[in-house]
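Undergrad: this one's sequence-less:
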């Protein structure tokens, strides 16, 4: 079901400030910065091998990411696993008793995505992504 780790997401107040560490100090190369209006976020993508680090900045104070940032501060937000068939993965996980945040996939920055509830994964927010093609 899971092909690979697609990315690790880190919530930040300001992408440009965070890039001082990830790009300039650690030497990671910024691939792109993209806004995802549906999720009210701006994301910087920094490839690391076959995976990426995503720096996620809220665009509004009402988004889920903004609420997370206000409550918990900057830091690790979620891990994302790439799957071949997201609908099949969601059906299988629901049948195994995993609590889903998204019953159906939503459009993410790089493909169709869905989140699993952290209460079903020992406190870790998990995203699944099906990349186009």
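TA: Cool, the structure landed. The shown structure was predicted, so the numbers you read here are calculated from the model rather than taken from an experiment. Residues are numbered from 1 along each chain as shown.

Undergrad: just so I have it, where are all the helices in the protein?
TA: For the chain, the helices defined by DSSP state H occupy 15-19, 64-72, 86-95.

Undergrad: possible to save those helices as JSON lines with mean neighbour count, mean pLDDT and distance to residue 109?
TA: For every residue, glycine as well, the C-beta is placed using N, CA and C. Shown next, in JSON lines, are the helices of the chain (neighbours: other C-beta atoms under 10 Å; pLDDT from 0 to 100; distance: least, C-beta to C-beta, whole Å):
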{"stretch": "helix 15-19", "mean neighbour count": "16", "mean pLDDT": "97", "distance to residue 109": "13"}
{"stretch": "helix 64-72", "mean neighbour count": "15", "mean pLDDT": "95", "distance to residue 109": "13"}
{"stretch": "helix 86-95", "mean neighbour count": "15", "mean pLDDT": "97", "distance to residue 109": "15"}
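
Undergrad: how about the closest residue to residue 59 other than its chain neighbours, what does it touch?
TA: In this structure, residue 59 finds its nearest non-sequential neighbour in residue 40, 4.8 Å apart by C-beta to C-beta, 6 or more residues apart in numbering. Residues in contact with residue 40 (C-beta atoms under 8 Å, 6 or more residues apart in numbering) are 58, 59, 60, 62, 63, 64, 65, 66.

Undergrad: mind checking how far the first one is from residue 70?
TA: Distance, residue 58 to residue 70, by C-beta to C-beta, to the nearest Å: 9 Å.

Undergrad: Over to the fourth one?
TA: Residue 62 is 11 Å from residue 70, where distance means C-beta to C-beta.

Undergrad: Could you find which two of the contacts of residue 40 are furthest from each other?
TA: The distance between the two most remote of those (C-beta to C-beta) is 11.6 Å, for 59 and 64.

Undergrad: Next, the buried residues of stretch 120-133.
TA: Neighbour counts using 16 or more other C-beta atoms under 10 Å place 120, 125, 126, 127, 128, 129, 130 of stretch 120-133 among the buried residues.
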